[in-house]
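A.B. asks: Here is the input, now give the coordinates:
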Amino acid sequence: MTAKAYYNEFDAHAAAWLRELIAAGLIAPGVVDERSICDVRAEDLDGYDQCHFFAGIGGWSHSLRLAGWDTGVGQPASWAKFLSRWHD
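C.D. replies: Presented below is the predicted three-dimensional model:
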């Protein structure tokens, strides 16, 4: 299975917590990268539906899920779908 989310977090404790949240299914599945943001290159982000820099404990991923903007299985989320909730 290909990862859907990219999490960049330099702090080892926060990165470990992100991995626990992913394993528990509480935030989008993905990869936690502990490199400095200065070392992340554009090509490192290819193939991800979500990219979270300075990810902390995954608050933005969780918020996207609560708002109904989670990517789901094999189907990228779209802004149009997200925004349509407020334009009915």
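A.B. asks: count of neighbours near the closest residue in space to residue 57 that isn't next to it in sequence?
C.D. replies: In space, and not counting its chain neighbours, residue 57 is closest to residue 17: 5.3 Å by Cβ to Cβ, 6 or more residues apart in numbering. The C-beta positions use only the backbone N, C-alpha and C, and glycine is treated the same way. The local packing of residue 17 (other Cβ atoms under 10 Å) involves 17 other residues.
A.B. asks: before we move on, what about residue 42?
C.D. replies: So residue 42, with other Cβ under 10 Å, has 6 neighbours.
A.B. asks: Any chance of the backbone angles for it?
C.D. replies: Backbone torsions of residue 42, given as degrees, to the nearest 10, read phi -50, psi -40.
A.B. asks: Can you tell me how far it is from residue 6?
C.D. replies: To residue 6, residue 42 is 12 Å away according to Cβ to Cβ, to the nearest Å.
A.B. asks: low-scoring stretches of the protein, by residue?
C.D. replies: 1-3, 70-88 (pLDDT under 70).
A.B. asks: May I have the beta-bridge partners of the nearest residue to residue 50 once chain neighbours are set aside?
C.D. replies: Spatial nearest neighbour of residue 50, excluding adjacent residues (Cβ to Cβ, 6+ apart): residue 5 at 4.2 Å. Taking DSSP bridges as the rule, residue 5 bridges to residue 30, residue 50.
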